[in-house]
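Trainee: take a look and give me a structure for this.
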Amino acid sequence: MNTLDQVLEIALQLPYEQQEMLIKILQNRHHESRRAEIAADAQQSLADFHADRFQPQSAENVVTALRHYLQDIPSQQPERNRIIKQMKGLLKTNQPAPTDEQVKAMLEERRVEKRLE
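Mentor: Below you'll find the predicted structure:
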């Protein structure tokens, strides 16, 4: 197995044009790998949704949880996963999606809270 230093040393021996090609190939493969990971997560989320593994959540509860999560960055992975599950629970809500006016009101409420802090 080659170490990173060995691979870099070999790559730096390549002509400039081939170095650029190598960079593009690595970037493309990395993006493809990430896309595959996201697609697999989406498929799992859909399967979980269809299997009723999400609890109904109100939009307000999910927004509150998201705010707390964003305030605590960096957070621990289990907490992140819990919040993601709560957000996915929005798909399963018994309530209608918030209207644009309700979302604007929630945002304005948050802005006021931030000014008061």
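
Trainee: where does the protein dip in pLDDT?
Mentor: The model of the chain has pLDDT under 70 over residues 72-80, 86-95, 117.

Trainee: mind checking how far residue 82 is from residue 55?
Mentor: 11 Å (C-beta to C-beta, to the nearest Å). Every residue, glycine included, has its C-beta placed from N, CA and C.

Trainee: more neighbours, these two?
Mentor: When residue 82 is set against residue 55 and neighbours are counted by other C-beta atoms under 10 Å, the residue ahead is residue 82, at 14 against 11.

Trainee: for the strand or helix carrying residue 61, output the C-alpha coordinates as CSV.
Mentor: Using DSSP states H and E, residue 61 falls within helix 59-71. The C-alpha trace of helix 59-71 is given here as CSV (Å, rounded to 0.1, in the frame of the first residue of the first chain):
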residue,chain,number,x,y,z
ALA,A,59,-42.9,22.5,11.5
GLU,A,60,-42.3,24.7,14.6
ASN,A,61,-40.7,21.8,16.5
VAL,A,62,-38.4,20.9,13.7
VAL,A,63,-37.4,24.6,13.1
THR,A,64,-36.7,24.9,16.9
ALA,A,65,-34.6,21.7,16.9
LEU,A,66,-32.7,23.0,13.8
ARG,A,67,-32.0,26.3,15.5
HIS,A,68,-30.6,24.5,18.5
TYR,A,69,-28.5,22.3,16.3
LEU,A,70,-27.1,25.2,14.3
GLN,A,71,-26.2,27.1,17.6
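
Trainee: adjust the sequence numbering to begin at 56 for everything that follows.
Mentor: Sounds good: first residue 56 from here, last item helix 114-126.

Trainee: would you mark the buried spots in it?
Mentor: Residues 114, 117, 118, 120, 124 are the ones in helix 114-126 that count as buried (16 or more other C-beta atoms under 10 Å).
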